[in-house]
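1. 3D, please:
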Amino acid sequence: MPTSGSVVVAHYTGMTVAEMSDLRARMRVAGASFRVAKNRLAMRAMQGTAVESISHLFKGPTGIAFSKDPVAASKVAVAYAKDNGKLVILGGTVGTTALDANGVKALAELPSLDQLRGKIAGLLKAPATKLAGLLQAPGEQLARVVAAYSKKEEAA
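-> Residues are numbered from 1 along each chain as shown. You can find the predicted model right below:
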């Protein structure tokens, strides 16, 4: 968890072993993990850290979803919670910023890190394509002018 981009804290009261296995499998596919938390150990581990403000969430049967990608864990957790009411999102963190349940849901709506990288690559590629066209245009114009002069010289 120390290298996590985001952490989602949730209650899982009433979930069966099959449901828990399904949640973990979905998390794995997205590059995230879900673990049952030992509340006392989790609170002790958070003491003196930037995320100590979420220690109040660790009461009752608590699970932690985490991922390096800032939105992967929240996307899977929120989607699973919509399908299965037994998973209740309590809050979480992204980096060192604490989030409430609504913050986690808002984070889940953002595009993933890979999607953002694709968009940035597309934005970076577009100006380069335009620049190549602009650099090519003066050469073409010069060639047309030279061709026009040569035709004029031939005609004379």
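
2. how far away from the center of its chain is the longest helix seen in the chain?
-> Across the chain, the helix with the greatest residue count (assigned by DSSP state H) is helix 113-155. Helix 113-155 has its C-alpha centroid displaced from the chain centroid by 35 Å (Cα atoms, centre = their mean, to the nearest Å).

3. and what of stretch 48-56?
-> That offset, for stretch 48-56, works out to 22 Å (Cα atoms, centre = their mean).

4. contact partners of it?
-> If you take Cβ atoms under 8 Å, 6 or more residues apart in numbering as the criterion, stretch 48-56 is touched by 7, 9, 42, 43, 46, 47, 91, 92, 93, 96, 98. Just so you know, the C-beta spots here come from the backbone N, C-alpha and C atoms, and that holds for glycine as well.

5. C-alpha coordinates for that stretch, PDB please?
-> Taking Å, rounded to 0.1, in the frame of the first residue of the first chain, the C-alpha atoms of stretch 48-56 are listed here in PDB:
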ATOM      1  CA  GLY A  48       1.700  10.300  11.900                       C
ATOM      2  CA  THR A  49       1.200  10.000   8.100                       C
ATOM      3  CA  ALA A  50      -0.500  12.300   5.700                       C
ATOM      4  CA  VAL A  51      -3.500  10.000   5.400                       C
ATOM      5  CA  GLU A  52      -4.200   9.700   9.200                       C
ATOM      6  CA  SER A  53      -7.400  11.700   8.600                       C
ATOM      7  CA  ILE A  54      -9.200   8.600   7.300                       C
ATOM      8  CA  SER A  55      -8.500   6.500  10.300                       C
ATOM      9  CA  HIS A  56     -12.000   7.100  11.600                       C
END
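
6. I am finished for the moment; much appreciated.
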